[in-house]
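S.K.: Structure for the following, please:
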Amino acid sequence: MCGITGLWSPDYFSDKDKKSLSLMADRLEHRGPDGRGFHIDEKAGIAMAHTRLSIIDLEGGVQPLYDREGRTVLTANGEFYDYKRMRGELVTEGFHFNTKSDSEIALKLYRKHGLDFVNHLRGEFAFVLFDEKKEELILVRDRFGIRPLFFHLTGKSIYYGSEIKALLAHHEISGKLSKKGMLHQMMQVMVPGDTLFEGIESLKPGHMMIIKRGKGGLKPKTICYWDADFPEKNAHEERSDGEQITKVREKMVESVALRLEADVPVACYLSGGIDSCSILGMASAIQQSPVKAFTISFDDDRYDESAIAQEMAEKCGADQDIMRVTASGLYGENFKKAVWHSERTFYNTLGVAKMMMSNHVTQNNYKVVITGEGSDEIFGGYAAFKQDMLLYGDSDREGRKKVNKDNNLFFGSILAERRVDHEALNDIVGFTPSWIQPWMLVLEEITPLLSDSFRDALEGYDPVGAIAESLNPSMLDRRHPLDKAQYTWMKTMLEGQILNWGGDRVDMANSLESRPAFLDHHVVENAINLPPHVRIRNGTEKWVLREAMKHILPEVLYKREKFAFMAPPAHTDQEKTLALNSLIHTFLTPEKVESLGLVDMGRLNSFLAQYRNDSDHTTQTRKDIILNHLITLHAIDEIFIEKNNML
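M.R.: Numbering: from 1, shown residues only. Modelled structure (predicted):
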């Protein structure tokens, strides 16, 4: 895992660009503290930087990497799995390698296959390749957006980086918050490819951008090379239950085995959920020595899963380390630091807790962890998915009542206590997915707080409609309702939330590489071809995964319903409420509120009074979410704009 940044300005490159490149690399030092490398070709106008976290080929894998015969240069962030087999095949075909690094296979595959090389890559990655002969710059992001890659494109130049803060360090880019971006982040759901900052975009997952030098400037072309193509309704792969279970098991064991490959020790994250427990069980069987397992414990029994995690660790002989998180850790400086690294808002302080854990893991001398992200997305694990399955894909309409009863702790956050619809989503999806309905309710409550000037600036803009318009209709037409629910989540919340402030950004804040084994594309392609009733059966979510992992899971976990992993909201105890109040007094002052111009101070004061007098868990939870978003937006404005991108 590393950080990459750079620019291509073939007709306007200057000495200032060289100086800016060093500053851009400085912003990514936390992603790669083990070394840095540069490629600067003033004649071609290309400048590339790489900050290294050394995990494979510790001595020889220094970047940038070169293919002299192909006249190409590469900087990469992430991991390419199964690289040893591919390197062996390529060497027998006459290709010469200069390193033992996994990243070098991308250069050789590009020379062999051209742009089709992306289909031969397996793993989580974001990389940039410059082809000197063709005068082309190629930006590539992995299929799910596990690794971030941002860019700012003008007619004459392109600037890119693993994090937005690297772009903001360039002298040509002035940071300014986007009003549309602010509104979307207040409701939690972003339009794919958009960011909070004007003029800065995110390369979409499963996409590559090819930029050619042409008459009059740079000519970009974006290609989608992979998408979650669920089968049309009733066209899923039909096998016996035993065959489905066996195939899921085989794919997962292979994925975990590949992610244990490293020249440094590899640990596992362990919550009390099926996903991380399955990962640990497989890793413990594959690895010769006991696996180190790191667990977060919360100071509220309703949200704490550490007891089940402990049972799992004992079952498979893992060496468990439990870190207990309290209010004093979730707020204050850790909160600000999580904002700095995430570069977006978050509705729950789970991201802060995970950032604290990543620091704890690296303090224990680990650089790599295998994680469970992605399982709910591909096997239908979320309560909202089950709700849509029951409402639109199953005759058991009474099942919704059970979903609501069993998940009432999460009303106001991941489940809506009442149904809301949107015409644009109904048109393209066929219904309004249950997962977005709580965020639509958040938007309902935010709208009255907005300042008059902010409303005027976005008059006529429909954020939910914009999200609907971003979806590819061909991936939704004639699909099963469960597939539609999973697809819409995967295109929005997986990359924008789960893999951002729940993954890469808070892990790499402390130079920790996280490897989500469920998001191996071989695992995913098998999972999305499973019939819906194999993913969710008789109200049991992730049925096939439970059966595949039955022999390694504790019985209590095998039988347990999915439980959302999140930190206790601020209103759940006095210490957290006081800590949140401290952040309110720091960031939601009249001066800061007026400066940002998002909300009206009088309306905000009325909202705060309602929040402090509220006693309903659901409405308090929603207000907690709104306050988290408001505080983080004002913190971002201060950290990135007022203080010129310095924390």
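S.K.: can you count the residues close to Gly381?
M.R.: By the measure other C-beta atoms under 10 Å, the count of residues near Gly381 is 24. Where you see a C-beta, it was placed from the backbone N, CA and C, and this is true even at glycine.
S.K.: Break down the stretch 351-500 of the chain into its helices, ranges please.
M.R.: Counting by DSSP state H, counting those that start in this stretch, the stretch 351-500 of the chain has helices at residues 375-379, 383-392, 399-406, 423-429, 437-446, 452-457, 463-470, 481-489.
S.K.: Same list, those, but as CSV with mean pLDDT please.
M.R.: Converted to CSV, the helices of the stretch 351-500 of the chain look like this (pLDDT from 0 to 100):
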stretch, mean pLDDT
helix 375-379, 96
helix 383-392, 93
helix 399-406, 53
helix 423-429, 98
helix 437-446, 96
helix 452-457, 97
helix 463-470, 98
helix 481-489, 98
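S.K.: Would you mind saying which of those helices lies nearest Glu136?
M.R.: helix 463-470 (27.1 Å; C-beta to C-beta).
S.K.: just checking, what packs against that closest one?
M.R.: Helix 463-470 is packed against helix 179-186, helix 423-429, helix 437-446, with contacts defined by 3 or more C-beta pairs under 8 Å, 6 or more residues apart in numbering; DSSP states H and E.
S.K.: Turn those helices into TSV, columns for distance to Leu391 and mean neighbour count.
M.R.: Shown next, in TSV, are those (distance: least, C-beta to C-beta, whole Å; neighbours: other C-beta atoms under 10 Å):
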stretch	distance to Leu391	mean neighbour count
helix 179-186	26	22
helix 423-429	13	16
helix 437-446	12	20
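S.K.: Which one of these lies nearest to Ser514?
M.R.: helix 179-186 (22.8 Å).
S.K.: And the closest one, how far out from the chain middle?
M.R.: The chain centroid and the centroid of helix 179-186 are separated by 18 Å, computed with C-alpha atoms, centre = their mean, to the nearest Å.
S.K.: With stretch 123-140 instead?
M.R.: Centroid separation for stretch 123-140 versus its chain: 22 Å, with C-alpha atoms, centre = their mean.
S.K.: thinking again about what came up before, any chance of the helices and strands packed on helix 463-470 in TSV, with distance to Met24 too?
M.R.: Output for the helices and strands packed on helix 463-470, formatted as TSV (distance: least, C-beta to C-beta, whole Å):
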stretch	distance to Met24
helix 179-186	22
helix 423-429	38
helix 437-446	33
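S.K.: Distance to Glu136 for the helices of the stretch 351-500 of the chain - can I get that in a markdown table?
M.R.: Converted to a markdown table, those look like this (distance: least, C-beta to C-beta, whole Å):
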| stretch | distance to Glu136 |
| --- | --- |
| helix 375-379 | 33 |
| helix 383-392 | 41 |
| helix 399-406 | 50 |
| helix 423-429 | 34 |
| helix 437-446 | 39 |
| helix 452-457 | 38 |
| helix 463-470 | 27 |
| helix 481-489 | 32 |
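S.K.: So what's the residue count around Ser615?
M.R.: Around Ser615 there are 7 residues (other C-beta under 10 Å).
S.K.: Give me the three-state assignment for it.
M.R.: Under DSSP: H, G, I helix; E, B strand; the rest coil, Ser615 falls in the coil class.
S.K.: Contact partners for Leu258?
M.R.: Taking C-beta atoms under 8 Å, 6 or more residues apart in numbering, we find Leu258 in contact with 81-82, 122, 520.
S.K.: helices or strands next to the helix or strand where Asn526 lies in the packing?
M.R.: Element membership for Asn526, per DSSP states H and E: helix 521-528. Helices and strands touching helix 521-528, by 3+ C-beta pairs under 8 Å, 6+ apart, are helix 241-259, helix 375-379.
S.K.: Identify each buried residue in it, please.
M.R.: Neighbour-count burial for helix 521-528 flags 521-524, 526-528 (criterion: 16 or more other C-beta atoms under 10 Å).
S.K.: From Val506, how far off is the spatially most central residue of the chain?
M.R.: Nearest residue to the geometric centre of the chain (C-alpha atoms, centre = their mean): Leu499, 1.5 Å. Distance from Leu499 to Val506, counting by C-beta to C-beta, to the nearest Å: 11 Å.
S.K.: Mind listing the residues bridging to Val73?
M.R.: With beta bridges defined as DSSP bridges, Val73 has these partners: Tyr66, Phe130.
S.K.: Tell me where the model's unsure across the stretch 301-450 of the chain.
M.R.: Applying pLDDT under 70 to the stretch 301-450 of the chain flags residues 394-413.
S.K.: and the angle from the strand or helix carrying Met86 to helix 241-259?
M.R.: Assigned by DSSP H and E, Met86 falls within helix 83-92. In terms of direction (axes from the mean of the first three to the mean of the last three C-alpha atoms, to 10 degrees), helix 83-92 departs from helix 241-259 by 70 degrees.
S.K.: So what sits opposite the closest residue in space to Glu135 that isn't next to it in sequence in the bridge?
M.R.: Nearest residue to Glu135, sequence neighbours excluded (C-beta to C-beta, 6 or more residues apart in numbering): Arg213, at 4.3 Å. Assessed by DSSP bridges, Arg213 has beta-bridge partners Leu218.
S.K.: Nothing else from me, thank you.
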